[in-house]
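J.: Give me the fold of what follows.
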Amino acid sequence: MKISKLQLVNQLMKSIAIIAFFSIAILLFSSCSGDDSNATPTPLPGTTSKAPDFSLTSLDNKTVNLSDSKNKVVVIFFFGNECPSCKAAAPRVSSVLDVPYANRADYQILGLDQWDGNAAKVQSFKTITSVAFPLLLNASSVAANYKTTYDRLVVIDKSGNIAFSGTQGAAADIDAVKVKVDALLK
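T.: Reported below is the predicted structural model:
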């Protein structure tokens, strides 16, 4: 059976289209996994790393300073306002790391939009995920100071030291963060 040049070109174009489709799919799938090359692992026992202070505006237009959280355990959920894995993790972050501690004066959870979205995008994230904890705007510089990326959890102890810094998606770290928080609140 003889293949014409036109058929050969058509087969080649189909092959290129399939390769392009899978390349784009892989790129999109990995877009929310973040870059761990700059992630800081949790400090080793006996070592401490001071949490960099920050001052950001919340979705309800209040200024939130980390330094105002002295003597509190603080969980930071770094998210991207349109990141699918962040949207998927946020309800469980809320149910496991916010709701059980809601009445504690020595605990706080904050969501920081590392993608620097405008208030409408962050409000959309809040509406879709139904989180009740404060969401702070324009936090990419804070994420850089913490050497982390979006879809990550960080825990700060009552002395202002980083007690946990996630190096994988938030959903994978929620249980470990809860154990850490419980230990720090004893």
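J.: Now do the phi/psi pair for the residue most central in space within the chain.
T.: The centroid of the chain falls nearest to Asp151 when counting by C-alpha atoms, centre = their mean (2.2 Å). Torsion angles at Asp151 (phi, psi; degrees, to the nearest 10) stand at phi 60, psi 40.
J.: What score does it have for pLDDT?
T.: On the pLDDT scale, Asp151 is placed at 96.
J.: and what of Ile26?
T.: pLDDT, read off for Ile26, is 60.
J.: Equivalent analysis for the one 4 residues further on, please.
T.: Per-residue confidence (pLDDT) for Ser30: 50.
J.: Over to Asn38?
T.: As predicted, Asn38 sits at a pLDDT of 41.
J.: what comes up buried for stretch 174-186?
T.: Across stretch 174-186, burial judged by 16 or more other C-beta atoms under 10 Å covers Ile174, Val177, Lys178, Lys180, Val181, Leu184. All C-beta spots, glycine's among them, are computed from the backbone N, C-alpha and C.
J.: Next, the fifth one: secondary structure please.
T.: Yep, that's Val181 we're talking about. helix (DSSP: H, G, I helix; E, B strand; the rest coil).
J.: Distance of it relative to Asn118?
T.: Distance from Val181 to Asn118, counting by C-beta to C-beta, to the nearest Å: 31 Å.
J.: can you list the weak-confidence ranges in this structure?
T.: Within the chain, the segments meeting pLDDT under 70 span 1-2, 21-48.
J.: Now with 80, please.
T.: Filtered on pLDDT under 80, the chain yields the residue ranges 1-10, 12-13, 17-18, 20-48.
J.: For Gln168, which three-state class applies?
T.: coil.
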